[in-house]
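K.L.:
3D, please:
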Amino acid sequence: MNDVATPTNSSSIELHDLVKSYDDEVVLKGIDLDVEAGEFLVIVGPSGCGKSTLLRCVAGLETITEGDLYIDGSRCNDVRPKDRDLAMVFQSYALYPHMTVADNLAFSLTVRDMPDDEIDRRVERAAERLDIAELVDRQPDQLSGGQRQRVALGRAIVRAPKAFLMDEPLSNLDAALRSEMRLELKKLHRDLEATLLYVTHDQIEAMTLADRIAILNDGELQQVGTPRKVFDEPANQFVAGFIGSPSMNFLEVRFEPSRPAVVADDVDLALPEVDADVDIGREVVAGVRPSALELGSEASGAIQGRVEVVEPLGSESYLHCRVGDREVVAEVPTERTADLEPGDALECQVRADDVHLFDPSTGRAIEPY
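P.N.:
Reported below is the predicted structural model:
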């Protein structure tokens, strides 16, 4: 699309060994990250991991302690925020309460002394794109949360910036509105073909929106890849536990000398061969996603336990089971849980190829052949 409110030159963003410190506290610990022009890249991680600080460093709202920021190949560490040509959308919407929707949309263009007819055209186009054309004469306190978020997005769109920076823009919305706005953001990215750097703590939001995901924890990048890549091939135990809902089950196990399997109490898991020198009897961490556990199948491994809670969620149910001193969650068809009660014994099967192994000392994945 080549209208006025569409960025025509999406920009790349590069972070080279970026460090951000506050006195003695290091918040970002040498971040290396490339965002391709036109890419939707989501930074995800738990609260306090440094993801919003990273976004503010890109925007110029925080100074960079060490390392470099490049936008379209130009070093921008010392470029003022207004000269970076990046549009930021905040969690709080940050609308001017005394202005109408139209005036909020037009404000950034007005301060740039853009001609009135150009401003009107961009505002009209953005309002139509975001389905808020009938709201342009209202003020923010007359809007719902979802409508305010659309205005905040529209205010960014009219600028036609080099890239969009979004800091948890959906976190103030209820579940139904978040789902609706996720769909709108996907459509918006497709239509604008713009570079979008998006921060969230919600891994479901990250999985559904991103071209690629960057997982951050304690100021360090853990893994960068497509949603499918980080789900199927997590680089370490943190990523494996953070990405996916319900979370991956982890079991402390050991290699047995008599066969290529691991055993611990009520757990007997066959494994694929691994590309590592794993000593016989060595303790490792086995990870199994809830969706990989099956009731009564003919798979090659088994986990035995007792039902604690059955959590029905429509066609699927979560079985919370006690296996030794650990809780294991299985995601199974609801029809298979009809006769299960708390305290019932059960056996879950798992295929060897569905077991992930991690080094307990480093947390890193032990790669299969």
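K.L.:
Run through the helices of this structure in chain order.
P.N.:
In the chain, the helices defined using DSSP state H lie at 51-59, 101-110, 116-129, 145-157, 175-192, 203-209, 227-232, 237-242.
K.L.:
any chance of the ones you listed in JSON lines, plus mean pLDDT?
P.N.:
Shown next, in JSON lines, are the helices of the chain (pLDDT from 0 to 100):
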{"stretch": "helix 51-59", "mean pLDDT": "96"}
{"stretch": "helix 101-110", "mean pLDDT": "92"}
{"stretch": "helix 116-129", "mean pLDDT": "91"}
{"stretch": "helix 145-157", "mean pLDDT": "88"}
{"stretch": "helix 175-192", "mean pLDDT": "85"}
{"stretch": "helix 203-209", "mean pLDDT": "91"}
{"stretch": "helix 227-232", "mean pLDDT": "96"}
{"stretch": "helix 237-242", "mean pLDDT": "96"}
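K.L.:
could these be laid out in a markdown table, adding distance to residue 12 and mean neighbour count?
P.N.:
Yep, even glycine has a C-beta here, placed from its N, CA and C like the rest. Conversion of these to a markdown table gives the following (distance: least, CB to CB, whole Å; neighbours: other CB atoms under 10 Å):
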| stretch | distance to residue 12 | mean neighbour count |
| --- | --- | --- |
| helix 51-59 | 12 | 22 |
| helix 101-110 | 23 | 21 |
| helix 116-129 | 24 | 18 |
| helix 145-157 | 19 | 22 |
| helix 175-192 | 16 | 15 |
| helix 203-209 | 19 | 20 |
| helix 227-232 | 21 | 16 |
| helix 237-242 | 25 | 22 |
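K.L.:
can you list the ones you listed in a markdown table and add distance to residue 15?
P.N.:
Output for the helices of the chain, formatted as a markdown table (distance: least, CB to CB, whole Å):
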| stretch | distance to residue 15 |
| --- | --- |
| helix 51-59 | 8 |
| helix 101-110 | 25 |
| helix 116-129 | 29 |
| helix 145-157 | 21 |
| helix 175-192 | 21 |
| helix 203-209 | 18 |
| helix 227-232 | 19 |
| helix 237-242 | 19 |
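K.L.:
residue boundaries of the strands in the stretch 251-369 of the chain?
P.N.:
Along the stretch 251-369 of the chain, the segments classed as strands by DSSP state E, counting those that start in this stretch run 261-264, 267-270, 283-288, 294-295, 301-313, 316-323, 326-333, 345-350, 355-358.
K.L.:
Just name the most buried of the ones you listed.
P.N.:
strand 355-358 (a mean of 23; mean count of other CB atoms under 10 Å).
K.L.:
Now do it: which elements does it pack against?
P.N.:
helix 237-242, strand 283-288 (3 or more CB pairs under 8 Å, 6 or more residues apart in numbering; DSSP states H and E).
K.L.:
between those, which gets nearest to residue 304?
P.N.:
Nearest to residue 304, of all the helices and strands packed on strand 355-358, is strand 283-288, at 13.6 Å by CB to CB.
K.L.:
Give the pairing partners of that closest one; include direction for each.
P.N.:
Strand 283-288 has its sheet partners listed here by DSSP bridges as strand 249-255 (antiparallel), strand 355-358 (antiparallel).
K.L.:
wait, which of these is closest to residue 316?
P.N.:
strand 249-255 (16.1 Å).
K.L.:
Sort out which residues of that closest one are buried, please.
P.N.:
Neighbour-count burial for strand 249-255, counted by 16 or more other CB atoms under 10 Å, picks out 249, 250, 251, 253, 254, 255.
K.L.:
which among these gets closest to residue 320?
P.N.:
residue 249 (10.7 Å).
K.L.:
How many residues are close by residue 245?
P.N.:
For residue 245, the count of nearby residues is 12 (other CB atoms under 10 Å).
K.L.:
got the contact list for it?
P.N.:
Residues in contact with residue 245 (CB atoms under 8 Å, 6 or more residues apart in numbering) are 203, 204.
K.L.:
any idea how far residue 324 lies from residue 304?
P.N.:
9 Å (CB to CB, to the nearest Å).
K.L.:
before we move on, what about residue 31?
P.N.:
Residue 31 is 44 Å from residue 304, by CB to CB.
K.L.:
thinking again about what came up before, out of the helices of the chain, which is closest to residue 216?
P.N.:
Residue 216 lies closest to helix 51-59 among these, at 5.1 Å (CB to CB).
K.L.:
what's the closest of the strands of the stretch 251-369 of the chain to residue 90?
P.N.:
strand 301-313 (32.8 Å).
K.L.:
where in the protein is pLDDT low?
P.N.:
The model of the chain has pLDDT under 70 over residues 1-9, 255-266, 272-281, 297-300, 368-369.
K.L.:
right, and residue 357 touches residue 288 too?
P.N.:
No. Judged on CB atoms under 8 Å, residue 357 makes no contact with residue 288 at a distance of 10.6 Å.
K.L.:
Overlap of the contact sets of those two?
P.N.:
Residues touching both residue 357 and residue 288 (CB under 8 Å, 6+ apart): none.
K.L.:
Tell me the spatial nearest neighbour of residue 69, not counting adjacent residues.
P.N.:
Nearest residue to residue 69, sequence neighbours excluded (CB to CB, 6 or more residues apart in numbering): residue 76, at 5.0 Å.
K.L.:
need the contact list for the one you found.
P.N.:
Residues in contact with residue 76, defined by CB under 8 Å, 6+ apart, are 60, 69, 70, 84.
K.L.:
can you name the two of those residues that are farthest apart?
P.N.:
Of all pairs in the contacts of residue 76, the most separated under CB to CB is 60 and 70 at 13.3 Å.
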